[in-house]
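In: Structure, please.
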Amino acid sequence: MDEMEVLLRRGLGDLGLPETAAPAMARYGALLLETNQVMNLTAITDPADVAALHFLDSAALLTLTDFKEKSVADVGTGAGFPGLPLKIAEPSIRLTLLDAQGKRVRFLETVCAELGLADVECVHGRAEEFAADRRESFDLVTSRAVAALPVLAELCLPLVKVGGAFLAMKSVDSEAELAEAKRALETLGGRVEALRDYCLPGTDVRHRLVIIKKIRKTPEKYPRIFAKIKKNPL
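Out: Model prediction:
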């Protein structure tokens, strides 16, 4: 058993999640670090940090809201976080991974094939274009992308079913960002339902999950093209 698997077993146990997910996560971690030598997937390369800051950070969401048998889209998934660790630890999830870089999507397809994961769709595309076909079709939409909440909300909320939620992974110092996003959330049909802070097992690192409930349909004109979203956030 390698170092990453040991750390993952311990961390998953601390979170109250099944330790049986650790071998698949460790294999995924090995593929991530191997591929990262030829493709820029992550700046985090120490196995202990990969275990905590990628895998346990992602899996922790399962302790904060209900994912069981939900349809989930992970927008701007990058190397697959948080979507794939969520799927590994909760196999009932029907997962769509969305990223604008084709090489990342091909990496994710390789990981899914290696791990034998079913019910995972890897999509190469931009969120604002993806919304044209899959509008309001997901129970949950996650994002760990580094973008301001008004921007993320316009990309993600149009994909969420009314009654579902957008789950934004943020720092614990996100009050100002939340205040800036108030108008955007109202415009897009969302409302902050909860702020759930959590500690990554084995570390002093604290992160926050912002749970934004979809309370009404998003107006059809959103999302706008990304250039407009970025230039004039709601």
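In: Beta-bridge partners for Val192, please?
Out: Beta bridges link Val192 to Ile212 when assigned by DSSP bridges.
In: Now do the SS call for Glu69.
Out: Reducing the assignment at Glu69 to three states with DSSP: H, G, I helix; E, B strand; the rest coil gives coil.
In: Verify the stated contact: it with Asp119.
Out: No: the pair Glu69 and Asp119 does not pass the contact test of C-beta atoms under 8 Å, sitting 10.6 Å apart. No exception for glycine: its C-beta is placed from N, CA and C like everyone else's.
In: just how off-centre is stretch 190-209 within its chain?
Out: Averaging C-alpha coordinates over stretch 190-209 and over its chain gives two centres that are 13 Å apart (C-alpha atoms, centre = their mean, to the nearest Å).
In: what comes into contact with it?
Out: By C-beta atoms under 8 Å, 6 or more residues apart in numbering, the surrounding residues in contact with stretch 190-209 are 7, 10-11, 14-15, 48, 52-53, 56-57, 60-61, 63-65, 153, 157, 160, 165-172, 174, 178, 185, 210-215.
In: What's the end-to-end length of that stretch?
Out: Between the opening and closing residues of stretch 190-209 we find a distance of 15 Å, counting by C-alpha to C-alpha, to the nearest Å.
In: now stretch 15-22
Out: 13 Å.
In: what do you get for stretch 26-44?
Out: Across its full length, stretch 26-44 reaches 15 Å end to end, with C-alpha to C-alpha as the criterion.
In: Which residues does that stretch contact?
Out: Contacts for stretch 26-44 (C-beta under 8 Å, 6+ apart): 2, 4-5, 8, 45, 47, 50-51, 53-55, 78-80, 84-85, 88, 103-104, 107, 110-111, 114-115.
In: What average pLDDT does it get?
Out: For stretch 26-44, the mean pLDDT works out to 95.
In: next one: that stretch to chain centre, how far?
Out: What separates the centre of stretch 26-44 from the centre of its chain is 18 Å, taken as C-alpha atoms, centre = their mean.
In: same check, this time on stretch 83-96
Out: Using C-alpha atoms, centre = their mean, we find the averaged C-alpha position of stretch 83-96 to lie 10 Å away from the chain's own average C-alpha position.
In: all strands for this structure, in order.
Out: For the chain, the strands identified by DSSP state E occupy 71-75, 94-99, 120-124, 138-143, 160-171, 190-199, 206-214, in order along the chain.
In: average model confidence for stretch 202-211?
Out: Confidence over stretch 202-211 (mean pLDDT, whole number) is 95.
In: buried set for it?
Out: Val205, His207, Arg208, Leu209, Val210, Ile211 (16 or more other C-beta atoms under 10 Å).
In: hang on, the earlier thing: just the ones in helices from the contacts of stretch 26-44, please.
Out: Residues of the contacts of stretch 26-44 located in helices (DSSP state H): 4-5, 8, 47, 84-85, 88, 103-104, 107, 110-111, 114-115.
In: Need the buried ones from those selected in ChimeraX.
Out: The following ChimeraX line selects those of the ones in helices among the contacts of stretch 26-44 that are buried, judged by 16+ other C-beta under 10 Å:
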select :4,5,8,47,84,85,88,104,107,111,115
